[in-house]
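Q: requesting a structural model of the entry that follows:
(chains A and B, ligands or ions: 2)
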Amino acid sequence: MLKAALIGNPNAGKTTLFNALTGARQRVANYPGTTVERKEGGFQALGEDVALIDLPGIYDLTPLSPDEAVARAALIKERPDVIVQVLDASNLARGLYLTLELLALETPLVLCLNMLDVAEAKGAHVDPRALSKLLGVPVAEAIASKGVGMDALKRTIRETAKEGRAPRARVAYGEPLDFALKTLQSTLEAAPSLESDFPASYLALKLLEGDELLAKAIQGGAGYAPLEAAFQAIREQIGQNTDMMLKQRRYEKASQIAKSVTLLAPKPAQEAAGDKLDRLLLNPKVGIPAFLVMLFSVFALTFLLGNPLAEGIERIIGVLGAWMIGVLGTASPLLASFLTDGVLAGVGAVLTFLPQIAILFLALVAMEDSGAMARAAYLLEGWMSKLGLHGKSVIPMVLGFGCAVPAIMATRIVESRKERLITMFVMPLFSCSARFPIYVLIVAAFFPKPLQPLALFGVYMLGVLLAFLIAVLFKGAFDKEEEGFFLLEIPPYRMPSKKTLIFFTWQRVGQFLKRAGTIIFAFSVLMWAMSRFPSPPASELAAVPEGMRPAYRLGYSFTGRLAKGIEPILEPIGFDGRIGMALVGATLAREIFISQLGIVYALDAPEGVSPSLADRLQKDYGPLTGVCLLLYFLIASPCVSASIVMTKESGSPMLAFLQAGFLFALGYAAVFVAYRIGLMLGA
Amino acid sequence: MRKLTDIQPGTSVILKEVLGGKRLQTRLIGHGLLEGRAFLVLERLGQGGPVLVEIEGSKLAIGRGIAEKILVQPEEGLAGLFG
Ligand SMILES: Nc1nc2c(ncn2[C@@H]2O[C@H](COP(=O)(O)OP(=O)(O)O)[C@@H](O)[C@H]2O)c(=O)[nH]1
Ligand SMILES: [Mg+2]
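A: Ligands and ions are numbered 1, 2, ... in the order given. Down below sits the predicted model:
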C-alpha cells in the first residue's frame, strides 16, 4: 500500500481535502489550528490503495508548538511515499516557503493548489503549469470544499508515489550560502552514520539553519568532529547569521515564484465586503459587544425556538407513556412501570432537550466556520495576556462550550507550556453541552420567563469570569519560562455552507443521542430498579393513606434509603436527599442528573400523571435551591473524561487530580456561601 | 526607525529590524515579515492588545510583546493614504 501525507499551512484546507479524498468526516473549521493530531484514512486510485494522513498545519519544518511537532515528526519518522502539500492559492508565497523546504527532503512531492475560488474572487489567477515547470513537481488544482478536482488529484498522488522520483529542483541561496551548504553536505556524505534519518542535503540545510533538535540528535556520533570543523570554518567566513539569511532568501524566492506564476487582475476600486465588516468588527468597542451579543442571541434562541419544540417532545413522551400504561397497566404493572417510570422518564427527560442542544451545536459550528473565532482571539488577546493566558486560548475556551475533551486537546495550538496548562486548568469552568440541558431545566423552573435567556447567559459568563480569576491567582504557581508569543492569522470570512452546518451539527447531535441510548439508558434502568425495590410489604403499605403510597414506596427503596443517608452532607448547602442522589448519578454523566429526577418524580407521581419536570421542581423547591444547583454544576461537578484527557495532555495526573479537587472544593464553598446568604435574605 | 507599536493605523511601513530571538524571527519570516518588506498597519488595540497588519493580502494579528520588538519605517508618501 502506498502512503501519502497531507501537509500545508494552517487553514489551507487540508482537512477539507482529506475528507473529500477519503470520505472521512473530520472536523474542519475556519481558524488556524483546527487539526491538532494526526488522522488516518485512505482512498483508491486506479485500483491501488493509498493510505493518507491528515496533519496539523505548519509554516515551516521548525516546530514551535506541540501540534506543529506532530506534523514534522510524521514527515520525518514515517517517511511517506509521497508528500501532498496543500497550497492556498490566494496566499501562495506563504505556502511556497514551505514547499521550498519540503523539496530538500528528497521525498516525492505533489502540490495541490486549493482555494482556487477564493483566489479567483480576489482577482488572482495562478498558472499551475508554470508552477509545475518551475519546481519540477506535479501540480493539481482543487476546490476542496466543493469536491472539485479530486479525481485528478488522486491519480497524480498515486502516480507520483509509484514513480518514487524525488523532486530535483533546489533553491539557489546564492554565494556564499550555497558553498557552505555544499561543504556541509559533502562532509555529511563522508560520514554516513550521521545521516541515518535524513538525506544529507536536508541535514546540511537544517544544520546551517541552526535547527537545535537535529543538531542534538547527531551530536557526538562518529564522524561528528569533521562536521564540527567544517561548521567552524563557515562561521568564521560568513558569520553567525547563516540561519536567518537562509530563511530570508527562501522566503524571497517563494515570493518571487508566487509572483511569477500569478496573474493579478487590477484591484477593484471597491473595498471587499469582508474588509468593510472587519473595519467595524475588529475595533474592540464594536467587536467585543458584538461577540457578547452573538453569544447571548444563541441562548435567547435556544429558549425562543427550542422550548416550544421541547414541549412538543414532552407531549409525545406523555402520550406514549399513557398509551403504554393503557396497554400494559393491568396485565403487567411492573413492565409498565419499567417502561414508563424507568425508560421514558429517564431517557425521555434527557431527550426532551434535543431541540435546545441542536440549536447550541448549530450555533457553535457556524461560529467556528465563519471566521469569528480567530477574530475573538485577536480582540481578547490584550486581556488574556494580562491574565496569564494566551490570546489563542480563546479558541479552546469557546470550544469548551461544546465539550471539554476536544477543547483540552485544542490547547495544543498555544505555544507556551505555562499558558497551555493554565488554559487546561480552567477549562471545566466553560460549561459544556452536557451541562446545558441542566441549566435550561433549572432556569426554566425557577426564573420568570422574560429573564430566562439572561439567566442562562449569566451562568456562562460567571463561569468565564471565575476562570479568569483563577487564571490570575494561579499564574505564579506554574513554572516560569519563555513567554509564548501571539501571532495569529485572521482568515477571511466564509459563509458556512449548508452542507457543513447540517453535517457537523448532526454529527454532534448523533453523539448526544448515542449517549442517551447507551450510558443514560443503562443508568436509567439501574436507577429505576433501585428506586422501585425493595417494595414495602403489602400489610405495611395498606396502613398508608392512598395518596401517600407512592412516596412511601420510594422512601422504602434503596434510593430512598441512600438519599436519607447522604442528607447530612448536603444539608449545609441546602440540598435534600433526592437532589443529592441525582448529583451522585451526575458524576458518571451529567445528564443523569435529569434522568434521575425524572425517574424519581415519575415513581412519586400518582399513576398516569406526569407534569413536566420543571413544574415539579418549581413546586418542591425555591429559587434559592435553583441558584445553588446552577452554581454546583457550573463549578463543582466533575467529569471523568475531561480528567483523563487532562492527564494525557498535561502529562501530569497530579494536575488533573488537583483540578478536580480544587474545583469541587470551590464549588461546594460557593454553594454553601450562596445558600447561607440566601437564607439570611429570607429567600 | 520606530517600534511597530508606535505606528498609527492606516500607515504603510517597511520592516527594518526584528530585535527578538531566532525563534521569533523564524516565525515572522514564515508569515512573510522579512527585513525590507512593506506592509500595512490596520489597527492597534489598547490595553496591551495586539497590532493588526495586512501583508500580501492577508491579515495577521501580532501580540504586543512581539510588536514592540519590530522596528519599522513609515513608507514615504504613502502615510495617511489608507487612513
Ligand atoms: N472557498 C473555499 N473554502 C475552502 C476550500 N477548502 C477549504 N475551505 C474552507 O477553509 C476552511 C479551513 O479548512 P480546513 O480543512 O479546516 O483547513 P486545514 O486547517 O488546512 O485543515 C474551512 O472553513 C473550509 O470550509 C476551498 O477550496 N474553497
Ligand atoms: Mg485541519
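
Q: quick one: low-confidence parts of the chain?
A: Picked chain A for this. Confidence mapping of chain A against pLDDT under 70 gives the ranges A:192-196, A:220-222, A:268-269, A:478-484, A:606-611, A:683.

Q: my question was about chain B, not that one.
A: Ranges of chain B meeting pLDDT under 70: B:77-83.

Q: rerun that using 50 as the cut-off
A: Scanning chain B for pLDDT under 50 picks out the ranges B:79-80, B:83.

Q: where does the helix or strand harbouring A:Pro568 sit relative to the chain's centre, distance-wise?
A: Using DSSP states H and E, A:Pro568 maps to helix A:558-570. Computed by C-alpha atoms, centre = their mean, to the nearest Å, the chain-centroid distance of helix A:558-570 equals 38 Å.

Q: now the helix or strand following that helix: buried residues?
A: Going down the chain from helix A:558-570, the next helix or strand is helix A:577-586, by DSSP H and E. Buried residues in helix A:577-586, counted by 16 or more other C-beta atoms under 10 Å in any protein chain shown: A:577-583, A:585-586. Glycine gets a C-beta too; all of them are placed from N, C-alpha and C.

Q: ok, now which ones touch residue 1?
A: Using chain A here. A:42, A:48-51 (C-beta atoms under 8 Å, 6 or more residues apart in numbering or on different chains).

Q: the chain in question should be chain B.
A: B:16-17, B:71-73.

Q: which of those residues tops the neighbour count?
A: B:Val72 (26 neighbours; other C-beta atoms under 10 Å in any protein chain shown).

Q: can you give me phi and psi for the nearest residue to A:Phe468 once chain neighbours are set aside?
A: Spatial nearest neighbour of A:Phe468, excluding adjacent residues (C-beta to C-beta, 6 or more residues apart in numbering or on different chains): A:Leu387 at 5.2 Å. Main-chain torsions, A:Leu387, degrees, to the nearest 10: phi -90, psi 0.

Q: do A:Glu48 as well
A: phi -120, psi 140.

Q: that one contacts A:Gly42, correct?
A: No. When contacts are counted by C-beta atoms under 8 Å, A:Glu48 is not listed as touching A:Gly42 (10.6 Å).

Q: these two - which one has more neighbours?
A: Neighbour count, other C-beta under 10 Å: between A:Glu48 and A:Gly42, A:Gly42 has more, with 17 against 14.

Q: now the closest residue in space to the more buried one that isn't next to it in sequence, what's its secondary structure?
A: In this structure, A:Gly42 finds its nearest non-sequential neighbour in A:Ala51, 4.8 Å apart by C-beta to C-beta, 6+ apart. Using DSSP: H, G, I helix; E, B strand; the rest coil, the structure places A:Ala51 in strand.

Q: what about A:Ala51, neighbour count?
A: Neighbour count for A:Ala51, taken as other C-beta under 10 Å: 16.

Q: measure it to A:Val36 for me?
A: For A:Ala51, the distance to A:Val36 equals 21 Å [C-beta to C-beta, to the nearest Å].

Q: ok so, going back, show me the contacts for the residue nearest to A:Gly42.
A: A:1-4, A:40-42.

Q: which of those fall within strands?
A: A:2-4, A:40-42 (DSSP state E).

Q: tell me the one of these nearest A:Ala642?
A: A:Glu40 (25.3 Å; C-beta to C-beta).

Q: A:Ala5 versus that closest one, what's the distance?
A: A:Glu40 is 10 Å from A:Ala5, by C-beta to C-beta.

Q: looking at those two, which is more packed in?
A: A:Ala5 (22 against 12).

Q: which residues does the spatially closest residue to A:Leu103 that is not a sequence neighbour contact?
A: Once flanking residues are discounted, A:Leu103 sits nearest to A:Pro167: 5.2 Å by C-beta to C-beta, 6+ apart. The contact partners of A:Pro167, by C-beta under 8 Å, 6+ apart, come to A:103, A:106, A:108-109, A:135-137.

Q: farthest pair within these?
A: A:Glu106 and A:Leu135 (14.0 Å).

Q: those two: which is more packed in?
A: A:Leu135 (20 against 15).

Q: ok, the more buried one touching A:Val110?
A: No. The pair A:Leu135 / A:Val110 is not scored as a contact, 11.0 Å apart, by C-beta under 8 Å.

Q: got a list of contacts for the longest helix along chain B?
A: Assignment by DSSP state H gives helix B:22-30 as the longest helix of chain B. The contact list for helix B:22-30, computed with C-beta under 8 Å, 6+ apart, reads A:59-60, A:62, A:64, A:94, A:97, A:210, A:243-244, A:247-248, A:251, A:485, A:487, B:18, B:34, B:66, B:69-70.

Q: of the residues you listed, which belong to helices?
A: A:94, A:97, A:243-244, A:247-248, A:251, B:66.

Q: between the residues you listed, which is closest to ligand 1?
A: Each of the ones in helices among the contacts of helix B:22-30 was checked against ligand 1 using C-beta to the nearest ligand atom; the closest is A:Arg94, at 12.4 Å.

Q: so what's that closest one up against?
A: A:9, A:59, A:88, A:254, B:30-32, B:56, B:58.
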